[in-house]
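Q: Take a look and give me a structure for this.
(chains A and B)
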Amino acid sequence: MSEKRVPQKNKTKIKTKIISFMKYLTRSGLDIPFLFLVITILIIGLIMMFSASYPNAYYLHKKDSFYFIKNQLIFAFLGVIAMFGVSYIDYHVFRKFAVPILMTSFVLLILVLLMPAINGVHRWIQLGSFSFQASEITKFAIVLSFAHFINLNLHRMDTFKYGILPYLIILAPTIILLALEPHISCSVIVILLAAGMLFIGGVKLKWFGMVLGAIASALIYLVVFTDKLTYANNRISGWLDPFGSSGVDTWQTRQGLYAIGSGGVLGLGLGNSRQKYLYIPEPQNDFIFSVVCEELGFIGAVIILLLFALLIWRGMLISIRARDKFGMLLGIGLTAQVGLQVILNISVVTNTIPNTGISLPFFSYGGTSLMMLLAQMGIILSISRSSRLEKL
Amino acid sequence: MSKGINIRMQRRSLVVLIVLVFIGFPVLIFRLVNLQIVQGEYLQKMASEQQLTDTKINPKRGTIYDRNMNILAQSASVWTVVLEPAYIDTDQKRELICSGMSEILNIDKEKLLELSKKKSCYNIIKKKVESDIKDKIIEFKNNNKITTGIRLIEDYKRYYPLKNFLAAVLGFVGADSQGLAGIESYYDKELSGEPGRILTARNAIGKEMPFEYEQLVNPKPGHNLKLCIDENIQKFLEIALEEGVRTHNVKNRATGIVMDVNTGEILGMAVKQDFDPNEPFEIYNSEISEQINSLPEEERQKARSEALSQQWRNKAISDVYYPGSVFKMITAAMGFELDVVNEKSSFNCTGSIKPIENARAIGCHKRKGHGMQNFVEALCHSCNPAFITLGLRIGAKNFFDFYKSFGLHNKTNIDLPGESTDLFFNADGSMSSIDLCVASMGQNFGITPIQMITAAAAIANGGKIIQPHIVKEILDENNNIIKKFDVVTKRQAVSEQTAKRVTQMLYENATHGAAKNAYIPGYRVAGKTGTSEKIGLSTKGHKDYISSFCGFAPADNPKLAMLVAFDTPKGGQYYGSIVAAPVFARAMQDILPYFGIEKVYTEEELEKIDTVVPDLLGKNINEAKNIINSLGLKYTVLGTGDKVISQIPDPLNHVPKESTLVLHTDSTSSSEVKVPKFTGYSVQDVKFIASKHGLNINLSGIKLEKSGAISSTQSVPENTVVPKGTVITIGFVHSDSSGD
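A: Model prediction:
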């Protein structure tokens, strides 16, 4: 009898320890639902990344099935630490860094063009064995600087001089540099993020109409009347007919669709994807969601989509109720970045839009990118601490 | 900070939220519904197709046996050599494998190197490799400790150990062991078995996935077939046919069928010239082959394929011919059955007959006419006017009814591919009086040899039309019977009585009549000769003929029927009695005793009965001499030993009395002779020539030595060098038996 009591005592001890730790975490108002969603999605993402990556790891990295997951786990761990760390920082500190980070972004975007091309594109900056995409910094720099400048000029946002011009000056060189990489998908995200933030900041709607019109006509001109955009053009014809024999390389899209279709309603079961066996190129990267669909089926895919939707919903709520306008803009920008990436990535994988390289947050392989993402989630958590949201 | 800005920002933020969550995500879910649920099955199928690699394992094709389980066609293991580039991971290994394989298989090394760099794991580099080469490859793998990169997969190759033997019936198989002709084609499904497969889930570069997806389905071997064909009977038939083709310079091949009249079993079926099913795509007629080679390039291919299909054609079932006078046995049966004629009915032949007014006269083959004759004599004379008269008595309607009930208007449905239908005058069976007249003597309508012999078998077996068939039993891989083909009696064509009466007349015919060249000592043969003009071929007074003979034995209790037909003999003779009847006799005199039908000699025959050569090997020379003397034979001894170490002819050969046996008593003594010309002589002359050259002869096709028979064939061609004492079979024909 007495023997049994000891573990029971231990159990209650552990229980109380966990509760006190949670209390400690939330003491200063950390938003538990958001944290819960981030951690849940991260865990699912890691599991799926492992499942999707091990055939490639096995075949291409000396039969080490854990090659990718090992890296990812390390960065996820560091990322979670970073997230909590950042959540303790008062996010107003970042205002000071807005301009330096923007400058860093420009420097990196120029530097990356001097780096050797990988698969014909200059996207990666290599520092020893450590590498990262310059555009990861850019996205954050745009969100942070826009939040900062819009916050400074909130009353003058409906003017051209303060509402449009400064942002065009930031945006134009960024887009040009991204186009030179080329990195169209990131340009699209940056443009959409910028537009979204300016929209919330109070820019007159007519400007959006004008800019949208200009972009649309320029794109139509380039695609229809010149072959300047053959790179993108090919992707579009491949998009329209992924199973066709247009000669356009639609291998990746096609294999992704096979995987999604193979999943059916219930999926083949975790770990049972067949398409990940070197059919889908780099299944651990942009096309990881097709493996998710194949293994977990329609039901699993929808659950993951719902989790993402809830995350965005919660993130937006935290931001809208933020203590001040800077926090609101920053939070919305960071949340929207995750939302846009998820929607664009899955749109690509399901061939809803033409194929461009957008990774799936929390799922796709990429240590630095994951770490940055988690750190950004930390900023949202930091915002949540002072947010006027009903705490759970 | 105004409240307005605050509200605007909140409102616009909500717009962004709604766009993302309530527009973006539902679109994605809608797409997933479409892809995973609506198109799911289709996409899954497409995915499976690329993921699963299906390697076929060929099953072993069934063996074909004759009725005594002698092997006629058999599949033996050969090997497919497969290069597996996916497993060649070092340049050193690549070099080793490619140079090794290039040497063993005699393939260009550069080509192999190129193949070895492909992204796949299955490249066939050589098919149908025999086991000696396979052993070399295994040795190479062992010596170099290679386990992957080169692989051997078992396959099968069809062998026909007896080469040309029975080729037209057996047919042959194609490169993938699929039956393309003959039994191989007709019973392809039974022989083929079911292929096995190795179903492997593969990744994009062709390596097998490491997990659970490999599945092996063992191949099911094909069934074996046991034919009704008897290897020995077939051999006797082929030898006799070949001799006839050679002697009479037959231009368009000959065919022969031996059938059990009571069961419908085909014991022998041959076509000469034939082909070797081991190499069916060669042209075996050198004349045609030369002709094709002299053609311009672009016409050669077409001519070649025509020649090949001609070569493979089973004349016994696929070629339609006018049966000619052979058919008179059927006409006679009709006459008896309708009671419009009997044996004593008399016919007057004046050399020609005008069947109806204003019609052209139809001549008899004997210009001066046969004069007054009874019906039996008319059949023995094969008299055309008599049969035309009979035909008119039978009438067109009755003729066609009997034609049908003898099974001539339907395929026999023998179990062989490519059987032809008959060519009757009009499809509805109607015929003019002239048609009827010529039809009565077997002209101007076409049937196949198999139809003719099936009808003749009905005369022999008491009027029953029996289904002819080639395959006796279908056996499983362990030769247990799966299916047996029983006797199928289709109908009674004529009464038993009628059949017996016709048989009796045919027996008379083969003994005294036009068919007496088919006589076989010790056996009562019934039969009818035929000489028919070839269908549609009479150019400028220069006619081509088909010479045939159809008969059966023994006449008092028929067992076996045989039909032989020679298409376009160009050796000067074309009458069935001269060309075909002796071939019938030559084959049947071997077949009947082999089949277990005992000889019953007449006293006349007993005087000249053949003697069976005794086995003298190892016997003391004096003992041997005594045995020889006691049998009424002569001998020549060569050598100085005191024991017989070899003898010519071999034991169990049949030789006439007073033949000379050559005995060797040591191995040094050998004596060979050139075979002289034996044809065109009387029996006495032939015997003289034979003894002069130290050869023995076996006489075929003559009933009485004193009759005016002339030798027409010899089993060993002139100028062949043979050992002394060799038995040469000489075929005789009666000079007075022109007729047809």
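Q: Name the nearest residue to the residue of chain A found nearest chain B, ignoring sequence neighbours.
A: Closest residue of chain A to chain B, Cβ to the nearest Cβ: A:Gly261 (2.2 Å). From N, CA and C alone the C-beta is placed, and that goes for glycine too. The shortest distance from A:Gly261 to any non-neighbouring residue, by Cβ to Cβ, 6 or more residues apart in numbering or on different chains, is to B:Leu43 (2.2 Å).
Q: From B:Leu32, how far out is the one you found?
A: As defined by Cβ to Cβ, to the nearest Å, B:Leu43 lies at a distance of 12 Å from B:Leu32.
Q: Kindly report the same for A:Thr352.
A: Taking Cβ to Cβ as the measure, A:Thr352 falls 10 Å from B:Leu32.
Q: Those two: which has the busier surroundings?
A: Each of A:Thr352 and B:Leu32 has its neighbours counted (other Cβ atoms under 10 Å in any protein chain shown); B:Leu32 has more, 23 against 18.
Q: Checking that one next. Helix, strand or coil?
A: helix (DSSP: H, G, I helix; E, B strand; the rest coil).
Q: Quick check, pLDDT for it.
A: At B:Leu32, the pLDDT value in this model is 92.
Q: now swap in B:Thr668 and tell me
A: Reading off the model, B:Thr668 has pLDDT 67.
Q: Repeat that for B:Lys706.
A: Looking at B:Lys706, the pLDDT reads 48.
Q: Near the closest residue to A:Gly163 other than its chain neighbours, how many residues? Count them for me, please.
A: Ranked by Cβ to Cβ, 6+ apart and with sequence neighbours excluded, the top spatial neighbour of A:Gly163 is A:Met157, at 4.2 Å. Look at A:Met157: counted by other Cβ under 10 Å, it has 21 neighbours.
Q: Could you verify my assumption that A:Met157 touches A:Leu165?
A: No: at 11.5 Å, A:Met157 does not count as touching A:Leu165 under the criterion of Cβ atoms under 8 Å.
Q: which ones are touching B:Ser309?
A: For B:Ser309, the set of contacting residues under the criterion of Cβ atoms under 8 Å, 6 or more residues apart in numbering or on different chains is empty.
Q: how close does it sit to B:Val245?
A: 20 Å.
Q: which residues touch the residue nearest to A:Gly163?
A: By Cβ under 8 Å, 6+ apart, the neighbours of A:Met157 are A:Ile150, A:Gly163, A:Leu198, A:Gly201, A:Gly202, A:Val203.
Q: now do B:Arg151
A: When contacts are counted by Cβ under 8 Å, 6+ apart, B:Arg151 is found next to B:Val81, B:Val82, B:Leu83, B:Glu84.
Q: what's around the residue nearest to B:Thr636 when sequence neighbours are not counted, how many residues?
A: Counting by Cβ to Cβ, 6+ apart, B:Val662 is the residue found nearest to B:Thr636 once chain neighbours are left out, at 5.1 Å. Look at B:Val662: counted by other Cβ under 10 Å, it has 21 neighbours.
Q: next structured bit after whichever helix or strand B:Val662 is part of?
A: Secondary structure from DSSP states H and E places B:Val662 in strand B:660-664. With elements assigned by DSSP H and E, the helix or strand that comes after strand B:660-664 is strand B:672-674.
Q: neighbouring strands for that following strand, and are they parallel or not?
A: Note on strand B:672-674: by DSSP bridges, its sheet partners are strand B:721-723 (antiparallel).
Q: Buried ones in the partner strand, by neighbour count?
A: In terms of neighbour count (16 or more other Cβ atoms under 10 Å in any protein chain shown), strand B:721-723 has its buried residues at B:Val722, B:Pro723.
Q: With only the CA atoms kept, save the helix or strand just after that strand in PDB.
A: Note on strand B:721-723: by DSSP H and E, the next helix or strand toward the C-terminus is strand B:727-734. Extracted C-alpha coordinates of strand B:727-734, given in PDB (Å, rounded to 0.1, in the frame of the first residue of the first chain):
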ATOM      1  CA  VAL B 727      17.900 -53.100 -98.100                       C
ATOM      2  CA  ILE B 728      16.500 -50.800-100.700                       C
ATOM      3  CA  THR B 729      12.700 -50.700-101.000                       C
ATOM      4  CA  ILE B 730      11.600 -50.600-104.600                       C
ATOM      5  CA  GLY B 731       8.100 -49.500-105.500                       C
ATOM      6  CA  PHE B 732       6.400 -51.100-108.400                       C
ATOM      7  CA  VAL B 733       3.400 -50.000-110.500                       C
ATOM      8  CA  HIS B 734       1.400 -52.000-112.900                       C
END
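Q: centre of the chain versus strand B:727-734, how much separation?
A: Its chain's C-alpha centre and that of strand B:727-734 lie 26 Å apart, by Cα atoms, centre = their mean, to the nearest Å.
Q: and what of stretch B:473-485?
A: For stretch B:473-485, the distance to the chain centre is 22 Å (Cα atoms, centre = their mean).
Q: go on, stretch B:163-174?
A: In this view, stretch B:163-174 has its centroid 6 Å away from the chain centroid, taken as Cα atoms, centre = their mean.
Q: got it, and stretch A:163-181?
A: Stretch A:163-181 sits 20 Å away from the centroid of its parent chain (Cα atoms, centre = their mean).
Q: can you pull the buried residues of that stretch?
A: Within stretch A:163-181, the residues that count as buried by 16+ other Cβ under 10 Å are A:Gly163, A:Ile164, A:Pro166, A:Tyr167, A:Ile170, A:Leu171, A:Thr174, A:Ile175, A:Leu177, A:Leu178, A:Glu181.
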